[in-house]
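[1] need a 3D model of the sequence below.
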Amino acid sequence: MKEKEHKVLIIIPAYNEADSIIQVVSHMREQAPWCDYLVVNDGSTDTTRSLCEQEDFSYLDLPINMGIGGAVQAGYIYAYKNNYDIAVQVDGDGQHDVSYLNRLLEPIIEGEADVVIGSRFLEKEGFQSTLGRRMGINILSALIWLVTGRHIMDVTSGYRAVNKMFIKIYSEDYPMDYPEPEAIVAAIMHLGRVKEVPVQMRAREGGISSITFKKSIYYMIKVTLAILICRMGYGIRRGKREDIQNPRGKE
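    The predicted structure follows:
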């Protein structure tokens, strides 16, 4: 298998995921035993850390809660420092099915994409989220299309894979708060080839989503402003694709 010829790290950000983290890691080990993984415990206040220690998981313990963006970036820093070819984000709540991992990896391995997003909306199978959240996702998708010219359907999907070039880029600069849509804009502004592949997702296995109804209003305002600012910032300093093609320099 071509996948096994590449050094792959699965990054699993986890904040208070004691109800699901054992199942998530067990599922990952069963479906992709040839991949390395790193649970990033984001200052959890429940027993997530002790479970990782008890089960002898590979984990990084952040001393304070950094938020999803900070946790994911910590994983990218680890991937960059340890020279991984591909990094994959998998949420710690059990929504992402690692049996679809090869779909995410194939476009990168074949040289067709730099960033691959697992989309629940391409084939509309599996858990589709609530109506309200789907409406918000559609609004953000339209906004990203307006500012970049690219139509991405599942802009809030945290199930994604990136190549070595974007491991470096995201290790240096990754959005902190509700980062998924903004990270897509950053990828496009870095001239990255972004592709969606169909996956099925599941409802959370445990825990509570960090985005409540009240927070969803803040989420939409914050992400909208962040996308616009991100687009303007990268629009000024974006360069040619070949300037970032070999982020480690000539080897």
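
[2] wait, Ser141 touches Thr148, no?
    No - Ser141 is not in contact with Thr148 according to Cβ atoms under 8 Å; the separation is 10.9 Å. All C-beta atoms are positioned from the backbone trio N, CA, C, and that covers glycine.

[3] list residues touching both of these two?
    Among the neighbours of Ser141, none is also in contact with Thr148 (Cβ atoms under 8 Å, 6 or more residues apart in numbering).

[4] roughly how far apart are Leu38 and Arg29?
    13 Å (Cβ to Cβ, to the nearest Å).

[5] same question, Arg103
    With the distance defined as Cβ to Cβ, Arg103 ends up 19 Å from Arg29.

[6] now Ser44
    Counting by Cβ to Cβ, the gap from Ser44 to Arg29 is 21 Å.

[7] who has more neighbours out of the two?
    Here Ser44 and Arg29 are compared on neighbour count by other Cβ atoms under 10 Å; more neighbours surround Ser44, at 21 against 14.

[8] quick one: residues contacting the closest residue to that one other than its chain neighbours.
    Spatial nearest neighbour of Ser44, excluding adjacent residues (Cβ to Cβ, 6 or more residues apart in numbering): Asn16 at 4.9 Å. Taking Cβ under 8 Å, 6+ apart as the definition of contact, the neighbours of Asn16 are 44-46, 48, 207.

[9] so where do the helices sit in the stretch 151-251 of the chain?
    Along the stretch 151-251 of the chain, the segments classed as helices by DSSP state H, counting those that start in this stretch run 164-172, 180-189, 213-237.

[10] and of those, who's closest to Ile137?
    Between Ile137 and those, the shortest separation by Cβ to Cβ is 8.8 Å, and it involves helix 180-189.

[11] and that closest one with helix 164-172, angle?
    Between helix 180-189 and helix 164-172, the angle comes out at 130 degrees (axes from the mean of the first three to the mean of the last three Cα atoms, to 10 degrees).

[12] so where's the stretch 101-250 of the chain uncertain?
    Using pLDDT under 70 as the threshold, the predicted model of the stretch 101-250 of the chain has low-confidence ranges 125-132, 204-216, 233-250.

[13] the strands in it, which residues?
    Secondary structure of the stretch 101-250 of the chain by DSSP state E, counting those that start in this stretch: the strands cover 115-119, 160-163, 194-198.

[14] can I get the ones you listed in JSON lines including distance to Glu53 and mean neighbour count?
    Conversion of the strands of the stretch 101-250 of the chain to JSON lines gives the following (distance: least, Cβ to Cβ, whole Å; neighbours: other Cβ atoms under 10 Å):
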{"stretch": "strand 115-119", "distance to Glu53": "29", "mean neighbour count": "25"}
{"stretch": "strand 160-163", "distance to Glu53": "28", "mean neighbour count": "27"}
{"stretch": "strand 194-198", "distance to Glu53": "35", "mean neighbour count": "20"}
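
[15] and of those strands, who's closest to Leu62?
    Shortest separation from Leu62 across the strands of the stretch 101-250 of the chain is recorded for strand 160-163, at 20.8 Å, computed as Cβ to Cβ.
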